[in-house]
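1. A structural model of the following input is requested.
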Amino acid sequence: MRRWLRMTGGLLIWALHFVGVYLISSAADVWSSSEAGSARWTGLAFSIGCLLCVIALAVWLVRGRREGSRAEAWERRVGLTGALVAGIGVLWQTAPLAF
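-> As a prediction, this is how the structure comes out:
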């Protein structure tokens with residue numbers, strides 16, 4: 001299980017971010033205007049939390065064991081690629097909230 005989390009952790013965080021921002025904006029649309037400040041701040045705080053999780057995952061992968069097998073090195077590279085894609089995705093989805 002740890003191997004799969006290492007490789008797909010960033011993408012899982014990105015998926016959680018997508019669902020979370022969608023739910024926050026849907027709730028804001030039902031209870032108040034979608035342009036309400038509180039919903040935007042909530043979405044921005046949630047996005048920052050997700051981005052910090054992606055950064056923590058990337059640091060965990062970089063600081064991982066270096067003397068592992070070739071398979072572990074490959075898993076680490078796949079995980080770092082997923083974390084990079086997730087970081088870009090979280091920033092892209094956060095841009096409408098920030099501006």
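
2. what about G68, how many residues nearby?
-> 12 (other CB atoms under 10 Å). For every residue, glycine as well, the C-beta is placed using N, CA and C.

3. actually T42, not the one I typed
-> 18.

4. ok now whichever strand or helix holds A56, how far from the chain's centre?
-> Assigned by DSSP states H and E, A56 belongs to helix 37-62. Taking CA atoms, centre = their mean, to the nearest Å, one finds helix 37-62 lying 6 Å from the centre of the chain it belongs to.

5. between the helix or strand just after it and helix 37-62, how big is the angle?
-> The element immediately downstream of helix 37-62 (helix or strand, assigned by DSSP H and E) is helix 70-98. Per axes from the mean of the first three to the mean of the last three CA atoms, to 10 degrees, the angle that helix 70-98 makes with helix 37-62 is 160 degrees.

6. just for the protein, where's the confidence low?
-> Residues of the chain meeting the criterion pLDDT under 70: 33-35, 65-67.

7. please repeat the previous calculation with a cut-off of 90.
-> Within the chain, the segments meeting pLDDT under 90 span 1-6, 24-41, 63-75, 96-99.
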